[in-house]
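K.L.:
only geometry, no sequence info:
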């Protein structure tokens, strides 16, 4: 158990009479890629929002490296090392790509109540920002406004910004959303590179992507865990086959 | 905040120099009206300090505040109340007291309302600033609705020697001009520092700023207090100039006028709202010389400006600068295509 980085215990979220997530317990270990899949309305996004502090759970607990982070606000969760990307592109459109990563990196100064020295003089921020740009493959777009790059590149930037915050755990909410075939391929190879350095939770619709990089798979249906465990085991689980993956022909 | 194009820098510097030399050439230009315009320009610069500090909230951070006059007037009232009744007070006491009062009011108001967004924030700023307005309007301690006088301009003395005579109009003109420049430079420095980047980020996408590990509330609160404090500083200059204050200087009408200056000038640019203050007051002067109902043509102008120049005067200036600086390179391109055409014909 010392290997566990993130653990949820009986996590539940109710919105009025609707239970969006019910009693979900998962663990993510060091260097593990834990994918969460499920049809629309399965509670994946609610799950992610609870992990990153965007929604407080109704019940249950979230432990990160043994520390209880249940109900912490998103800014503190980011500061303790959980970096999150968003399903709907969530960038600063009028900033250049570099400025986007810069603002992300600058959050690692502890606080930004620094009024006099120009931002560009903070060497550590520059290093982090450039690293984020480079890792997401947008160094050549550094000075282009984020509103002027393609949708696929915006998705890359989204991840670059997360990486610029020097996280040690990633929560990626449908990083492939709305991407074309070729763009997806590029992003999958980016994700695969990330898996060697970061443990991560990946929520994704794109099955090819999930199967090619995940170690562990949790299948959610109607807010509940249908199956959870090593990728191959869950994939061949008859209940999963029936409920979600179809008759198997598409999946293989 | 990015650097301005060279031509814009030169343009702004030229305007500043022109303004600075008004006391020298003003008499030749406007003759008898020299004194009137000297005071007018001083009061417009004071409004410009308000406008540029409001831009920090509205244009940079995205907090539309209609409370700016509250801090402006509160500082003026504080000066009157702290100053001796039958003597001029010392600037070393009056200035800190007044500015501190404005800062404190901004802090208290900010703590209460900073969590609200959009229209709720606007309404909250109106509500709180009107509370301050009615405190001065409906009670006797500061002259009620009639307002009250300051005995004289504050003295600026060091070890018994007078450094500046603020009742001298030319001196006050220069003090105000230097203040405006310093406030502008201070804010510009802040916006280029990490603090400014966070504020611009908050305006564009507050939720993402939070997700990246910042608590936007603290940054918004500090910006709100800085803006309010600078508005209070403008209030000190205004009370010094007129040696009189009444509740209209706390009223939200003034806040709204300053907001229009900011929008007219160009949100989030700092220098735009300064030009906006001059444009607004210029038009105000011109329209009110024609009709009592100067608000009517002013309203039409504001609507037209927003339609034609959504980025304000600053946007217009930048557009012209862009044309000017691009012209040489476009010429080169045109020559290239002109040279290229005969070649293509030959190919055919």
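P.N.:
Happy to help now that I have it. As the structure is a computational prediction, the values presented were derived from the model and not from experiment. Numbers count the residues shown, from 1 in each chain, chains lettered A, B, ... in the order given.
K.L.:
Please identify the pairing partners of the helix or strand hosting residue A:22 and their relative orientation?
P.N.:
Following DSSP states H and E, one finds residue A:22 within strand A:18-24. Sheet pairing here is set by DSSP bridges, and for strand A:18-24 it gives strand A:4-15 (antiparallel).
K.L.:
hmm, who's touching the strand it pairs with?
P.N.:
A:19-30, A:32, A:43, A:46-47, A:50-51, A:55, A:57-65, A:82, A:169, A:199, A:201 (Cβ atoms under 8 Å, 6 or more residues apart in numbering or on different chains). From N, CA and C alone the C-beta is placed, and that goes for glycine too.
K.L.:
Tell me the buried residues within these.
P.N.:
A:19-22, A:24, A:26-29, A:32, A:43, A:46-47, A:50-51, A:55, A:57, A:60, A:62-64, A:82, A:169, A:199, A:201 (16 or more other Cβ atoms under 10 Å in any protein chain shown).
K.L.:
so residue B:38 makes contact with residue B:170?
P.N.:
Yes - here residue B:38 reaches residue B:170: they are 7.0 Å apart, a contact under Cβ atoms under 8 Å.
K.L.:
where along chain B do the strands fall?
P.N.:
Ranges of strands in chain B, per DSSP state E, are B:148-149, B:155-158, B:161-165, B:244-245.
K.L.:
Quick check: residue B:163 vs residue A:142, distance?
P.N.:
Residue B:163 sits 50 Å away from residue A:142, taking Cβ to Cβ, to the nearest Å as the criterion.
K.L.:
neighbour count winner among those two?
P.N.:
residue A:142 (17 against 11; other Cβ atoms under 10 Å in any protein chain shown).
K.L.:
what about the residue nearest to that one when sequence neighbours are not counted, how many neighbours?
P.N.:
In this structure, residue A:142 finds its nearest non-sequential neighbour in residue A:98, 4.2 Å apart by Cβ to Cβ, 6 or more residues apart in numbering or on different chains. Neighbour count for residue A:98, taken as other Cβ under 10 Å: 21.
K.L.:
Report the central residue of chain A.
P.N.:
Geometric centre of chain A, nearest residue: residue A:172, 1.5 Å, by Cα atoms, centre = their mean.
K.L.:
ok, what's across the strand from that residue?
P.N.:
residue A:85, residue A:202.
K.L.:
Could you do residue A:33 as well?
P.N.:
residue A:200.
K.L.:
show me the contacts for it.
P.N.:
Contacts of residue A:33 by Cβ under 8 Å, 6+ apart are A:195, A:199-200, A:202, A:213-216.
K.L.:
from those, which would you call buried?
P.N.:
Counted by 16+ other Cβ under 10 Å, the contacts of residue A:33 give A:195, A:199-200, A:202, A:213-214, A:216 as buried.
K.L.:
which one among the residues you listed gets closest to chain B?
P.N.:
Lowest distance from chain B to those (Cβ to the nearest Cβ) belongs to residue A:200, with 16.1 Å.
K.L.:
Report the contact partners of that closest one.
P.N.:
A:28, A:32-34, A:169-172, A:194.
K.L.:
about what we covered before: and the strands of chain B as TSV, adding mean pLDDT and distance to residue B:111?
P.N.:
Output for the strands of chain B, formatted as TSV (pLDDT from 0 to 100; distance: least, Cβ to Cβ, whole Å):
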stretch	mean pLDDT	distance to residue B:111
strand B:148-149	86	29
strand B:155-158	88	34
strand B:161-165	89	36
strand B:244-245	91	26
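K.L.:
ok, and which of those strands has the densest surroundings?
P.N.:
strand B:244-245 (a mean of 22; mean count of other Cβ atoms under 10 Å in any protein chain shown).
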